[in-house]
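>>> kindly generate the corresponding structure for this input.
(chains A and B)
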Amino acid sequence: MNRRFSWFNATSLTLGFAFLYLPMLILVIYSFNASKLVTVWAGFSTKWYGELLQNEAFLGAAWITLKVAVISSTVATVLGTMAAYVMVRAGRFAGRTLFSGMIYAPLVMPEVITGLAMLLLFISLGLDRGVFTIILAHITFTMCFVSVVVSSRLATFDKSLEEAALDLGCTPFDAFKSVTLPIIAPAVISGWLLAFTLSLDDLVISQFVAGPSSTTLPMKIFSAVRLGVSPEINALSTILISIVTVGVISASLISKRNIARQRADEQKALQL
Amino acid sequence: MQMAQPGTRPVFAPWSDPAEKPLIQFRNVTKKFGDFVAIDNITVDIFRREFFALLGPSGCGKTTLMRMLAGFEAPTSGTILLDGVDIAPVPPNKRPVNMMFQSYALFPHLSVWDNIAFGLRRSDMPKEQIPARVEEMLRLVRLEKFAKRRPHQISGGQRQRVALARSLAKAPKLLLLDEPLGALDKKLRQDTQFELMDIQEKTGTTFVIVTHDQEEAMTVASRVAVMDHGKMIQIDTPDRIYETPNSVYVADFIGDVNIIEGTVADVAGGKVSISWAEGQPALIGTAPEGIAKGARVHYAIRPEKVAIATQPPSDRANVIEGTVHDIAYLGNISTYKVELPGGRMMKAQVANDRRIARRDITWDDKVWLSFTDTAGIVLLK
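Next up is the predicted model:
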């Protein structure tokens, strides 16, 4: 078999990756630009990173974003795991297909609509818009992602492990806590990381439900850019890209490696 | 090791003692899944210290019956009593019953030691007694050296023993074994069968085993229940299941058998003669109760009870002439497939107590098959 890397393959790979990563690469490069003008290269410098650390507004927004991301992804993980567990375990009940479809619908729902719907809900409930409403909205849209990740793990989970736990004296909750959860933990963690990353860079939904004192980092960047792109924003974006990259890569590594290994272990333990 | 010798110790047969109280009583138990009847009105008693085997093809309801004992399924109607108490309202974690799963269901995230201790930690056993009990279990299944390993770091046979130790650790009144040896290869399975019997005797626990392997059921069980389509067709000791099956289904399911269909020509003096083919002498057998002249019956005879000879024997009640059609040499025994006049086949099995060169029957030889009038059994259904 000819394993040589053909010209066609090389070209399509380069083109594809260029489309994906060239814009980001340029942004990262210009974040180290000494010049204040975004389009003129004037030598390497990290001064914009230093200046960024002095910028109270950006730091405040970053703090709010982090708070929102941690709280909302944690709650979303709990709710999403519970939903996944019920969907996979509860067997057939009336409206099961409808329910499972409804859990996954937000995955494909346009963010503008989700945002608008959340806004209308908060207004009709009389909730003051702020950090709290952003957290609620983020829980809503990240929960389904957690649910997808966890339920795909649960689908391959040997039910007799839970039955064995019950048989050995566990209450159903104890069985979940001491057997199911430790085994599906990698999937739960990668679900959390996914939710965290999604919450971190959400702009559209936050825009709808944010109040005056709750500007998140993506919102701050978006509004700053309208007044002109500054190298400071490039620096900030570079940091965000790094965080998101680390999050996504570790999520996929955890899920891939751990799930594969655990599944192999389980298979070995199950068969011979 | 002391071998079981009938006659030197009292026979274990609590089922024939009317004073004995059963440990488990199924009373008219029916289980339906939708329209499908998995268990069809079963009534059976299982006694203390019994090794009770549920034997049947897949889908016969044997696993459902076991899962009802464990508490994972509830009967649609009827009651199950354990020690005289209805267990229907008792959840699985409160039953004095433990189960060894077909997949073993060992917890992959826990060591062998923790797997065995899992149930004890959730029982009312004082904490300081748990290590001693786990060690005892490890010794029982000879896995002391593997206590720290994870389930994926030990072999299939060892995993099977961990599962057994885990389910025995809480000293249940009743241990359920769901196809416990299904995943093991034949040699290991045979060794483990004897080990299981040994452990059962040592611990004095009542075992209920589910299996589709008739040899396994015959080896380990004190009584075997042959099941089909949610019904128990026959419940009896292994030897009686084999020697006196109550139906063609049981005779055919257990071991190898020749079944000849015929009509009762005459009943006299406890003997029955069955005409089965034109121009052939009637088969003489022991008459079962309630048999009448003209009834359609099946005559079942095990191949090892059929003698094969090159000369017609004179002292047997039944002698049939035929030609050798096939010979299956299995090492310790040989099975001769003999074509009878009219094309019917009959198998005769002979122990190879002589070296192969001394045996004189070969393909297409004319032979005489013979058996006594008590060798086979006349079945009405």
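>>> got the domain ranges for the chain?
Picked chain A for this. A:8-45, A:55-270 (automatic domain parsing).
>>> look at chain B instead
Annotated domains of chain B cover B:20-251, B:258-379 [automatic domain parsing].
>>> of all those domains, which one is nearest chain A?
Between chain A and the domains of chain B, the tightest spacing by CB to the nearest CB is seen for domain B:20-251, at 3.4 Å. To be clear about C-beta, it is placed using only N, CA and C from the backbone, and glycine gets the same treatment.
>>> now the helices for the chain?
Reading this off chain A. Taking DSSP state H as the test, the helices found in chain A are A:7-30, A:47-54, A:56-89, A:96-108, A:111-125, A:131-155, A:159-167, A:172-175, A:181-200, A:204-209, A:217-226, A:231-253, A:259-270.
>>> that's the wrong chain, I meant chain B
Ranges of helices in chain B, per DSSP H, are B:62-70, B:112-121, B:130-140, B:156-168, B:186-203, B:214-220, B:238-243, B:248-253.
>>> let's have these in CSV, adding mean pLDDT.
Shown next, in CSV, are these (pLDDT from 0 to 100):
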stretch, mean pLDDT
helix B:62-70, 92
helix B:112-121, 94
helix B:130-140, 93
helix B:156-168, 91
helix B:186-203, 86
helix B:214-220, 89
helix B:238-243, 91
helix B:248-253, 91
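>>> I'd like the ones you listed laid out as CSV, including mean neighbour count and distance to A:Pro231.
Output for the helices of chain B, formatted as CSV (neighbours: other CB atoms under 10 Å in any protein chain shown; distance: least, CB to CB, whole Å):
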stretch, mean neighbour count, distance to A:Pro231
helix B:62-70, 23, 68
helix B:112-121, 22, 56
helix B:130-140, 16, 64
helix B:156-168, 24, 61
helix B:186-203, 16, 71
helix B:214-220, 21, 77
helix B:238-243, 17, 87
helix B:248-253, 20, 84
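>>> and these as TSV, adding distance to chain A?
Output for these, formatted as TSV (distance: least, CB to the nearest CB, whole Å):
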stretch	distance to chain A
helix B:62-70	6
helix B:112-121	3
helix B:130-140	13
helix B:156-168	4
helix B:186-203	10
helix B:214-220	18
helix B:238-243	28
helix B:248-253	27
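>>> any idea which helix or strand in the chain has the lowest mean pLDDT?
As the question left the chain open, I've gone with chain A. Least confident element among the helices and strands of chain A, by mean pLDDT, DSSP states H and E: helix A:259-270 (a mean of 65).
>>> the chain in question should be chain B.
Scanning chain B with mean pLDDT, DSSP H and E, the lowest is helix B:186-203, at a mean of 86.
>>> any chance you could list what contacts that one?
Contacts to helix B:186-203, defined as CB atoms under 8 Å, 6 or more residues apart in numbering or on different chains, come from residues B:51, B:140-141, B:156-157, B:160, B:164, B:168, B:171, B:177, B:180-181, B:184, B:207, B:216, B:219-220.
>>> next one: A:Leu116 relative to A:Phe122, how far apart?
With distances taken as CB to CB, to the nearest Å, A:Leu116 is found 11 Å from A:Phe122.
>>> higher neighbour count, these two?
Each of A:Leu116 and A:Phe122 has its neighbours counted (other CB atoms under 10 Å in any protein chain shown); A:Phe122 has more, 20 against 15.
>>> contacting residues around that one?
A:Arg129, A:Thr133, A:Leu136, A:Val209.
>>> per-residue pLDDT, it?
Per-residue pLDDT puts A:Phe122 at 93.
>>> any residue of stretch B:18-35 up close to chain A?
No: using CB under 8 Å from any CB of the partner chain, stretch B:18-35 stays clear of chain A, with a minimum separation of 10.6 Å.
>>> buried ones in that stretch?
Neighbour counts over stretch B:18-35 (16 or more other CB atoms under 10 Å in any protein chain shown) mark B:Pro22, B:Leu23, B:Ile24, B:Gln25, B:Phe26, B:Arg27, B:Val29, B:Lys31 as buried.
>>> now the end-to-end length of it.
Length of stretch B:18-35, first residue to last, CA to CA, to the nearest Å: 37 Å.
>>> what residues does that stretch touch?
With contact meaning CB under 8 Å, 6+ apart, stretch B:18-35 is reached by B:14, B:37-48, B:50, B:61, B:64-65, B:68-69, B:73, B:75-84, B:173-174, B:206, B:208, B:230.
>>> just the buried ones from those residues, in PyMOL syntax?
The buried residues among those can be selected in PyMOL (16+ other CB under 10 Å) with this line:
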select buried, chain B and resi 14+37+38+39+40+42+44+45+46+47+48+50+61+64+65+68+69+73+75+78+80+81+82+173+174+206+208+230
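>>> hmm, back to that, save the helices of chain B as TSV, and put in distance to A:Ala84 too.
Conversion of the helices of chain B to TSV gives the following (distance: least, CB to CB, whole Å):
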stretch	distance to A:Ala84
helix B:62-70	25
helix B:112-121	25
helix B:130-140	34
helix B:156-168	28
helix B:186-203	38
helix B:214-220	39
helix B:238-243	48
helix B:248-253	44
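>>> contacting residues around the spatially closest residue to B:Pro245 that is not a sequence neighbour?
The shortest distance from B:Pro245 to any non-neighbouring residue, by CB to CB, 6 or more residues apart in numbering or on different chains, is to B:Ala251 (3.9 Å). B:Ala251 is in contact with B:Pro245, B:Val257, B:Ile259, B:His298, B:Ala300, B:Ile377, B:Leu379, counting by CB under 8 Å, 6+ apart.
>>> isn't the third one right next to B:His298, touching?
Yes: distance between B:Ile259 and B:His298: 5.3 Å, which falls inside the contact criterion (CB atoms under 8 Å).
>>> look at the two and report which has more neighbours.
Remark: of B:Ile259 and B:His298, B:His298 carries more neighbours, 21 against 14, as counted by other CB under 10 Å.
>>> report pLDDT for that one.
pLDDT, B:His298: 92.
>>> beta-bridge partners for it, please?
Beta bridges link B:His298 to B:Glu261, B:Leu379, judged by DSSP bridges.
>>> how near is it to A:Glu56?
Counting by CB to CB - B:His298 and A:Glu56 are separated by 96 Å.
>>> what does the stretch 51-200 of chain A put close to chain B?
For the stretch 51-200 of chain A, the residues in contact with chain B (CB under 8 Å from any CB) are A:158, A:160-161, A:163-171, A:174, A:178-179, A:182-183.
>>> just the buried subset of those, please.
Buried subset of these (neighbour count, 16+ other CB under 10 Å): A:158, A:160-161, A:163-170, A:178-179, A:183.
>>> what number of residues lie near the closest residue to B:Ile308 other than its chain neighbours?
Distances taken as CB to CB, 6+ apart place B:Ala348 nearest to B:Ile308, at 4.3 Å, with adjacent residues excluded. Neighbour count of B:Ala348, defined by other CB under 10 Å: 26.
>>> same thing with A:Val70?
By other CB under 10 Å, the residues close to A:Val70 number 15.
>>> hang on, it packs against A:Thr197?
No: judged on CB under 8 Å, A:Val70 makes no contact with A:Thr197 at a distance of 11.9 Å.
>>> strands along the stretch 1-150 of chain B, start to end?
Applying DSSP state E, counting those that start in this stretch to the stretch 1-150 of chain B gives strands spanning B:24-33, B:36-46, B:51-55, B:77-82, B:85-86, B:97-100.
>>> might you list the low-confidence residue ranges for the stretch 151-272 of chain A?
Scanning the stretch 151-272 of chain A for pLDDT under 70 picks out A:259, A:262-263, A:265-272.
>>> fine by me, thanks again.
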